[in-house]
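Enquirer: Output the structure for:
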Amino acid sequence: IYYKLSTEGLFSTEIGIYKEFVGKNYNINYIAFFNPTFDSVPYVSPGTGIKFGYSNDFFSIGGASQIYAWRYKFLYDNYPDGFSFLSVYFNIHSNSHYYLSGGINFNRDFKNFLTLSHYINQNIKLTKRSYLNTSVRYYMSRIYDHDYSFEEYNLANHYVHNFDFFNISTDMYTCYKNNYFKNNVGISFFINYQRIFGRYSVGYINDPSPIIGEKGAYNNFFLSWNYSNYGISAEFNTVNSSLSKFYIGGRLGHGRTVLEGGYSWNNSIKTFNLSFVTGGNIEEISANILIGKVYFDKNSNRIYDSGDEGIDGISIFLDGKLRGKSDKNGDFKIYFVPGGSHTISLGYGSMPAFIGTKRSLLNIVMPKFGSLKIDMPFFKLSSISGKVFYDDNGNGFYDKGEKGVPNVLVEAGEKWTITDEYGDYTLANLLPGEYLVVPKLIPEGYRLSLYNLRMFIFLKQGDNARDINFGITKQGKNVIMKEF
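Expert: As a prediction, the model looks like this:
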């Protein structure tokens, strides 16, 4: 589903549903829309359309058809009597050096005018760095209520050569229309570096058309910068050193939402437009709300009680995207969450160092309609520390003078660490609960001095369990039994 808004003239809008079917070699797109517009009175114009395509390794064909009902108006398109168009195209690529394409376009409204055009275009690769493009186009238009019609024939040739840092092209264009010729000969230089594209063209134009006639040497400058869904572009054109065209515009987008605008000046004709387009699949757009609370669970019961405190500023991610932060009371809300499976995660960088939670990553199932409440309890973190040592007298206790054992792996649940050069270890950032502490990877030929010793440690919030020591002795030595 999508939504468009334009400020050209009066505010105009378009709301529609878009559906795509994709196969191995084909794709079909269907659209149905309506166009609410406010003129002297409000009215709604419906419409529909379809687009299809098929391709393989040698050729591709396709087409599109769309019908606008009465009084359609959006941006520059204004069809008070309705409108329809049909377009068919083909492309043939017999080898890597030759490419042929063509098509037919038919447009007419339901009362006043009709246009027809067809074209053919060929692309010939001359060398690894150069190609020649030739296109021929016929265009016919007829306006019935003014008894006016014209025909136009176009021939264009482009030679392009690619260098390491820029491209250069020579262009020749001829148009025959209503008993006069329009000609254009020029050369263009292109540069495309990272996100910047630039073009400079110079040549001669001869356009004797009665509406906008131009004759003489021209210069054209174009520069654009694009990054992801953001961009800005500028263009200006001079004929005989006089400014004939100027344009500046920009684009700002996020996902399927795009805001575009621009200002143009063309032979004293000034225009400004601003358009807004947003959309998504119907399944992705909903009124569902995910609500919850991030709080310090003082009594460790994992239920928000009156004595618990909300935590401010914790970043909330939905499916890997930042969607909000908890407020001063620890509350958060995420709107327009589609129904189905999602993942909630918390930003570690926004968490205070002394607290933690088991629910930093959570899989949820959002209902089709309504809301879902998810609370995130936090706890003061705890630690376990001690020493792994050579138990020289085999009594199971660390005595003065006994050396520590380095590089021993010590595990507590899913947490682990390695002893330092003195045999000391610390398991930090532990949530409250019961832990089985076990040393592993002790030196070869040694075993725990208390055979099969198992240390169960229960931690409350903020506990620091110290002197959880493990002695090792050579295998075969007598064991001194010890009770705890």
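Enquirer: So which residues of the stretch 351-484 of the chain form helices?
Expert: Per DSSP state H, counting those that start in this stretch, the stretch 351-484 of the chain carries no helices over any range.
Enquirer: domains for this structure, by residue range?
Expert: 300-380, 382-474 (automatic domain parsing).
Enquirer: In a markdown table: those, plus mean pLDDT and distance to Ser209.
Expert: C-betas here are computed from N, CA, C, even on glycine. Shown next, in a markdown table, are the domains of the chain (pLDDT from 0 to 100; distance: least, C-beta to C-beta, whole Å):
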| stretch | mean pLDDT | distance to Ser209 |
| --- | --- | --- |
| domain 300-380 | 81 | 51 |
| domain 382-474 | 89 | 76 |
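Enquirer: TSV for these, including distance to Glu20?
Expert: Below are those laid out as TSV (distance: least, C-beta to C-beta, whole Å):
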stretch	distance to Glu20
domain 300-380	18
domain 382-474	44
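Enquirer: possible to save those as TSV with mean neighbour count?
Expert: Listed next are the domains of the chain as TSV, based on neighbours: other C-beta atoms under 10 Å:
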stretch	mean neighbour count
domain 300-380	15
domain 382-474	16
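Enquirer: Which of the ones you listed sits closest to Asn107?
Expert: Asn107 sits nearest to domain 300-380 of all these, at 37.9 Å, using C-beta to C-beta.
Enquirer: hang on, the earlier thing: nearest to His161, of the domains of the chain?
Expert: Per C-beta to C-beta, nearest to His161 of those: domain 300-380, 44.4 Å.
Enquirer: So Leu430 is in contact with Ser383, correct?
Expert: Yes - Leu430 sits in contact with Ser383 when judged by C-beta atoms under 8 Å, with a separation of 6.1 Å.
Enquirer: Please identify the buried residues of stretch 160-173?
Expert: Val160, Asn167, Ser169, Asp171, Tyr173 (16 or more other C-beta atoms under 10 Å).
Enquirer: Which members of the residues you listed are the farthest-apart pair?
Expert: Asn167 and Tyr173 (18.3 Å).
Enquirer: The stretch 1-150 of the chain: strands as residue ranges?
Expert: 2-6, 12-22, 26-38, 42-55, 59-68, 72-74, 77-79, 83-95, 98-109, 113-125, 130-143, 148-162 (DSSP state E, counting those that start in this stretch).
Enquirer: Just the angle for the longest one relative to strand 130-143, thanks.
Expert: For strand 148-162 against strand 130-143, the angle between stretch directions is 170 degrees (axes from the mean of the first three to the mean of the last three C-alpha atoms, to 10 degrees).
Enquirer: re the thing from before, generate CSV for the strands of the stretch 1-150 of the chain, with mean pLDDT and distance to Asn469 as supplementary columns.
Expert: Below are the strands of the stretch 1-150 of the chain laid out as CSV (pLDDT from 0 to 100; distance: least, C-beta to C-beta, whole Å):
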stretch, mean pLDDT, distance to Asn469
strand 2-6, 63, 67
strand 12-22, 76, 64
strand 26-38, 78, 68
strand 42-55, 80, 72
strand 59-68, 83, 74
strand 72-74, 61, 78
strand 77-79, 61, 81
strand 83-95, 76, 76
strand 98-109, 76, 78
strand 113-125, 80, 77
strand 130-143, 83, 78
strand 148-162, 83, 72
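Enquirer: among these, which is the most enclosed?
Expert: Of all the strands of the stretch 1-150 of the chain, strand 72-74 carries the top mean neighbour count, a mean of 23, counting by mean count of other C-beta atoms under 10 Å.
Enquirer: so which helix or strand takes in Leu259?
Expert: Per DSSP states H and E: Leu259 is located in strand 257-266.
Enquirer: next one: Arg199
Expert: Per DSSP H and E: strand 196-207 holds Arg199.
Enquirer: Name the next helix or strand downstream of that strand, please.
Expert: strand 214-227.
Enquirer: residues of that following strand that come out buried?
Expert: Of the residues in strand 214-227, those buried (16+ other C-beta under 10 Å) are Glu214, Tyr218, Asn219, Asn220, Phe222, Ser224.
Enquirer: For Val44, name its beta-bridge partners.
Expert: Judged by DSSP bridges, the bridge partners of Val44 are Pro36.
Enquirer: Lys298 in helix, strand or coil?
Expert: Put simply, Lys298 is coil when judged by DSSP: H, G, I helix; E, B strand; the rest coil.
Enquirer: who are the neighbours in contact with it?
Expert: Going by C-beta atoms under 8 Å, 6 or more residues apart in numbering, Lys298 touches Asp305, Gly307, Asp308, Glu309, Gln461.
Enquirer: Columns distance to Arg142 on top of those, output as CSV?
Expert: As requested, the contacts of Lys298 are exported to CSV (distance: C-beta to C-beta, whole Å):
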residue, distance to Arg142
Asp305, 79
Gly307, 82
Asp308, 77
Glu309, 76
Gln461, 83
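Enquirer: want to throw these into JSON lines with secondary structure and distance to Gly339?
Expert: Listed next are the contacts of Lys298 as JSON lines, based on DSSP: H, G, I helix; E, B strand; the rest coil; distance: C-beta to C-beta, whole Å:
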{"residue": "Asp305", "secondary structure": "coil", "distance to Gly339": "31"}
{"residue": "Gly307", "secondary structure": "coil", "distance to Gly339": "35"}
{"residue": "Asp308", "secondary structure": "coil", "distance to Gly339": "30"}
{"residue": "Glu309", "secondary structure": "strand", "distance to Gly339": "33"}
{"residue": "Gln461", "secondary structure": "coil", "distance to Gly339": "37"}
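Enquirer: Leu436: which of those residues is nearest?
Expert: Distance to Leu436, by C-beta to C-beta, is smallest for Gln461 among the contacts of Lys298, at 19.5 Å.
Enquirer: doesn't Ser383 make contact with the closest one?
Expert: No - counting by C-beta under 8 Å, Ser383 is not a contact partner of Gln461; they are 11.8 Å apart.
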